[in-house]
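Novice: Just a sequence and a predicted model for now, questions to come.
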There are 2 protein chains.
Amino acid sequence: MDLNQIGAQAKTAAAAMNRLGVNEKNRGLRAVMESIRTGTEQILEANRLDVDRAKTNGMSPAMLDRLTLTPARVEGMLDGLNQIVSLDDPVGEVISMKQRPNGLLIGKKRVPLGVIGIIYEARPNVTADAFGLCFKTGNAVILKGGSDAIESNKAIVDQIRKGLKTAGLPEDAVQLVTDTDRKTTLELMRLNAYVDVLIPRGSAGLIRTVVQNSTVPVIETGSGNCHIYVDESADFTMALDIIDNAKTQRIGVCNACESLVVHSAVAARFLPLLEERLGQKHVEIRGDERARAVVPSFVEATQQDWGTEYLDYIISVKTVDSLDEAIAHINRYNTGHSEAIITNNYDHAQRFLAEIDAAAVYVNASTRFTDGNEFGFGAEIGISTQKLHARGPMGLEALTTTKYIIYGNGQVRP
Amino acid sequence: MDLNQIGAQAKTAAAAMNRLGVNEKNRGLRAVMESIRTGTEQILEANRLDVDRAKTNGMSPAMLDRLTLTPARVEGMLDGLNQIVSLDDPVGEVISMKQRPNGLLIGKKRVPLGVIGIIYEARPNVTADAFGLCFKTGNAVILKGGSDAIESNKAIVDQIRKGLKTAGLPEDAVQLVTDTDRKTTLELMRLNAYVDVLIPRGSAGLIRTVVQNSTVPVIETGSGNCHIYVDESADFTMALDIIDNAKTQRIGVCNACESLVVHSAVAARFLPLLEERLGQKHVEIRGDERARAVVPSFVEATQQDWGTEYLDYIISVKTVDSLDEAIAHINRYNTGHSEAIITNNYDHAQRFLAEIDAAAVYVNASTRFTDGNEFGFGAEIGISTQKLHARGPMGLEALTTTKYIIYGNGQVRP
């Protein structure tokens, strides 16, 4: 497999896509939907090969579930693509244009990134989703999925390319790297001549590998060790509702709450209520010494708990004596994702918003809202926990860059 | 030298700086200016040690000139800091705030990046400049200069820290890595726990090393293989003025023009005029076969010329038969910096602006305008030739990121 050829083809496709208006791109997405719909049986058949092999290899039931496609899940892919059709295209917007004293008219225009590489794991529905978001924003995408889903991914990409061909649009807008060995993946991470950005989607381990090995710029989507701080002025009912929601509404997601920070002035009254509320959901509570002095049945928290993203029915509790201490603790252990304060104190709310270093900082709301759809972006390619380019939920705009366009009439620099 | 300690100190300083308003930051910059002014003699003395050692080591005159400080150059540093004082602070701006259907008020606020690492080479004036830009935007900076300028950099950083101390502001807003060996530099490039972004400033080799070895996100400032395309409808006088300016106004800079692309329909009339005009400045012209058929005295251009950034009195000339061919050639060989078309054809102007893939695309103006001051940013930390985060001249805003601030009143996710 020649990655340089794949890269060159992607670059050619990207140049062609840069010339497409949104009507053309939507026509392409609809053609792809039609092709996936008529090819559903081929996709499911290919998926059965992956699932059978995975079963033979003893894949865990949770992983098997992620890998498995059903007619309803293919329908879900189509719904996703249809939603992307309905979104506004950010490409082409001129964000600002100003005339300089010398008469130059300098504008900043939103344009596609070019060629996007996406490295992901077992879930084959990412294939259609990632293609759709990249295509809508005029980018060519090189997909590198996991070996477990290789047959499914091949079948889905075949249908996408068939749809594009039918529509008379560049098939190389999407290409799948079918060699799933480590060497090829490393090569893709260093394909700077052709790939403008890499987005890893999957486990913390996958993301770490990409960050450590890429010379192509990476948008890091990351894990969430999210905190909720219960201030001394917190409304207890609100605090319990929000904590219950942020911890238990969905367990295995990056915006779930993993750790509570509780002001010592309310610990004696609040922690028994917490135990009662989370006990109903069988959440294990791991407390520091002061928390356990209030509720002796709490499990003893170790230093390691403060830095752990459980993704499970477990939560840690740290007791603090001040807002300053709460902010310092959270800024030390958080992963830059989502953090919340429950308070009725105006100054504490404003200071928490200003001083916590994270992609999304909440007052009196659940951390579970950090999500492209909940933020009103309509779709999401991931949640960035880094600070460059995009931070927080990434919608279509995160898949664009800008260029300066300058209208002159003979200006030279004195 | 313990880089982890430097990193931790920078992070602590960044947290303190995040709480400073612009008045406080300007007060700090003025105190630093005062300290540099009174410490000028110490700085010049330290610089003499660097210059003497460099002379002994046989440094080239051009490099020696960059390394040498004079009272006027120290005054220049102070002017630079003073200009930074006068700029608007982008930090704290809430770019957008919208209410969601569930009542959540979601805002996007501009905040400091945090800790910025700057890796640079021989010019000690970068030290004060980089500090000033980072400080104004509330970032702590870790500076890693070249070994040639180590004494100068130490003396400048000493004065900056003295000024900050006098003003009661965190000295660790600036720290110098005084170990200049390769191992320490590599360690800095992998200090992800503390450093939010690295900006290399200097030669193509330095930038390549940083891009190849960093796991910390990098903002790549890069070289410029800038083209000017002379369309068949070009005004020849305007074309000659712009080419002369873009090639010869300043030779060794990244926004200088290195290559011309000329439409074949005007080559026979235009190229003799070009030879005459650039001949006055002793510019060597390297042409392809068709250009040399018009002006036999042109040096023969090889394939290698199309990809070469001369930074010298040399320019290449490629002949094309169409706008499409011009765009394809430029998109193949450019470095994503600045490209210009000289034309009176409306459609060609618009297509060139739309289809050329570069940070700055010009119609009828010199590429030399790609510069923070010329674009009206007041200052510049570099010119990004990559597509993530910042593209083109980077002013203060490029040294910020955003975070979402969310005001709720008890919302939980259904």
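Specialist: Structure's in. What do you need? Numbers count the residues shown, from 1 in each chain, chains lettered A, B, ... in the order given.
Novice: Please name the residues that touch A:G80.
Specialist: A:G80 sits next to A:125, A:128-129, A:132, A:379 when contact means C-beta atoms under 8 Å, 6 or more residues apart in numbering or on different chains. Using the backbone N, CA and C atoms, a C-beta is placed for each residue, glycine as well.
Novice: Please, which helix or strand holds the nearest residue to A:S96 once chain neighbours are set aside?
Specialist: Once flanking residues are discounted, A:S96 sits nearest to A:K108: 5.1 Å by C-beta to C-beta, 6 or more residues apart in numbering or on different chains. For A:K108, the host element (DSSP states H and E) is strand A:105-112.
Novice: hmm, who's touching that strand?
Specialist: Counting by C-beta under 8 Å, 6+ apart, A:14, A:17-18, A:90-100, A:137-139, A:397, A:399-408, B:375-376 sit against strand A:105-112.
Novice: about what we covered before: among the contacts of A:G80, which are in helices?
Specialist: Cross-referencing the contacts of A:G80 against helices under DSSP state H gives A:125, A:128-129, A:132.
Novice: Show me which of those is closest to B:L186.
Specialist: A:D129 (37.5 Å; C-beta to C-beta).
Novice: Next one: that closest one from chain B, what distance?
Specialist: Note on A:D129: its distance to chain B, by C-beta to the nearest C-beta, to the nearest Å, is 21 Å.
Novice: if I pick that residue, what's in contact with it?
Specialist: A:D129 touches A:77, A:80-81, counting by C-beta under 8 Å, 6+ apart.
Novice: I'd like to know which of those are part of strands.
Specialist: Using DSSP state E, the subset of the contacts of A:D129 located in strands is empty.
Novice: quick one: the strand ranked longest in chain A near chain B?
Specialist: In chain A, assigned by DSSP E, the strand with the most residues is strand A:400-411. Yes: interface with chain B: strand A:400-411 contributes A:401-411 (C-beta under 8 Å from any C-beta of the partner chain).
Novice: In the stretch 101-250 of chain A, what residue spans correspond to strands?
Specialist: Along the stretch 101-250 of chain A, counting by DSSP state E, counting those that start in this stretch, strands occupy A:105-112, A:115-120, A:140-144, A:174-176, A:197-201, A:226-230.
Novice: Could you say which of those is packed most deeply?
Specialist: With neighbours defined by mean count of other C-beta atoms under 10 Å in any protein chain shown, none of these is more surrounded on average than strand A:226-230, at a mean of 28.
Novice: what packs against it?
Specialist: Packing partners of strand A:226-230 (3 or more C-beta pairs under 8 Å, 6 or more residues apart in numbering or on different chains; DSSP states H and E): helix A:236-248, strand A:257-263, helix A:323-333, strand A:338-342.
Novice: And the contacts of it?
Specialist: A:239, A:242-243, A:246, A:254-263, A:266, A:270, A:326, A:329-330, A:333-334, A:337-343, A:352, A:367.
Novice: Only C-alpha atoms, please: export that strand in PDB.
Specialist: Provided in PDB are the C-alpha atoms of strand A:226-230 (Å, rounded to 0.1, in the frame of the first residue of the first chain):
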ATOM      1  CA  CYS A 226     -14.500  16.100  35.300                       C
ATOM      2  CA  HIS A 227     -15.100  17.600  38.800                       C
ATOM      3  CA  ILE A 228     -18.100  19.200  40.400                       C
ATOM      4  CA  TYR A 229     -17.400  21.500  43.300                       C
ATOM      5  CA  VAL A 230     -20.100  21.900  46.000                       C
END
